[in-house]
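1. Prediction below, plus the sequence it came from.
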Amino acid sequence: MRIGQGYDVHAFGEGDHVMLGGVRVPHERGLAAHSDGDVVLHALCDAMLGALALGDIGTHFPPSDPRWKDADSRVFLRHCNALLRERGWRVGNADVTVVCERPKVGPHAQAMRETIAADLGVGLDAISVKATTNERMGFIGRGEGIAALAACLLVAA
Ligand SMILES: Nc1ccn([C@@H]2O[C@H](COP(=O)(O)O)[C@@H](O)[C@H]2O)c(=O)n1
Ligand SMILES: C[C@@]1(CO)OP(=O)(O)OP(=O)(O)OC[C@H]1O
């Protein structure tokens, strides 16, 4: 078995929705990023890459590369999954925590789990998505952005 962890954060910017776990969540702000700014998938990719010491998301998808401008982060997730599959591993389970005051994540968590499980080719019970506020403290608490933390266990395929 191998274990990895990941973290990502993006500030709010212009827009009318945020992408979280591959799901479009309506919101009065968007997330400022080179790609679609999906902090859930970015943290999860880093956890998967970290489990095999394969660098981080920026190693594989440099922010300087115009190919990833406004990219769908599910492309990154599927690529990371392929990297570990071709090395004989699969995701055993993954657990993600989203940290923001708003939007409410709970109503969308099931859709995120389904999207991630489908992209990874694993069962729904292998994927957890949770949320918490930062109790109005710090930059997250002031509503300046969204963070996500991920833990991921890899098992032999
Ligand atoms: N963006 C968020 C934040 C929280 N939740 C849900 O609310 C519960 C309580 O949050 P606290 O930070 O006050 O502990 C939390 O356990 C989540 O279920 C949410 O859906 N979206
Ligand atoms: C995802 C990439 C893609 O260019 O850019 P961003 O969308 O800005 O996201 P970040 O979490 O900073 O990760 C770096 C890049 O790999």
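-> Happy to help now that I have it. Ligands and ions are numbered 1, 2, ... in the order given.

2. distance of Ala111 from ligand 2?
-> 21 Å (CB to the nearest ligand atom, to the nearest Å). All C-beta atoms are positioned from the backbone trio N, CA, C, and that covers glycine.

3. Can you name the residues that contact that residue?
-> By CB atoms under 8 Å, 6 or more residues apart in numbering, the contact set of Ala111 is Gly21, Val23.

4. Do you know the pLDDT at it?
-> On pLDDT, Ala111 comes in at 98.

5. How about Tyr7?
-> Per-residue pLDDT puts Tyr7 at 98.

6. What is the burial count for the closest residue to it other than its chain neighbours?
-> Leaving aside its sequence neighbours, Tyr7 sits nearest to Leu149 (CB to CB, 6 or more residues apart in numbering; 5.2 Å). Using other CB atoms under 10 Å, Leu149 has 22 other residues around it.

7. isn't Leu149 right up against Thr97?
-> Yes. At 4.8 Å, Leu149 counts as touching Thr97 under the criterion of CB atoms under 8 Å.

8. What segments of the chain are strands?
-> 2-13, 17-20, 23-26, 30-31, 89-99, 127-132, 145-156 (DSSP state E).

9. Could you export the ones you listed as JSON lines, including distance to ligand 2?
-> Formatted as JSON lines, the strands of the chain follow (distance: least, CB to the nearest ligand atom, whole Å):
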{"stretch": "strand 2-13", "distance to ligand 2": "5"}
{"stretch": "strand 17-20", "distance to ligand 2": "10"}
{"stretch": "strand 23-26", "distance to ligand 2": "16"}
{"stretch": "strand 30-31", "distance to ligand 2": "8"}
{"stretch": "strand 89-99", "distance to ligand 2": "14"}
{"stretch": "strand 127-132", "distance to ligand 2": "18"}
{"stretch": "strand 145-156", "distance to ligand 2": "10"}
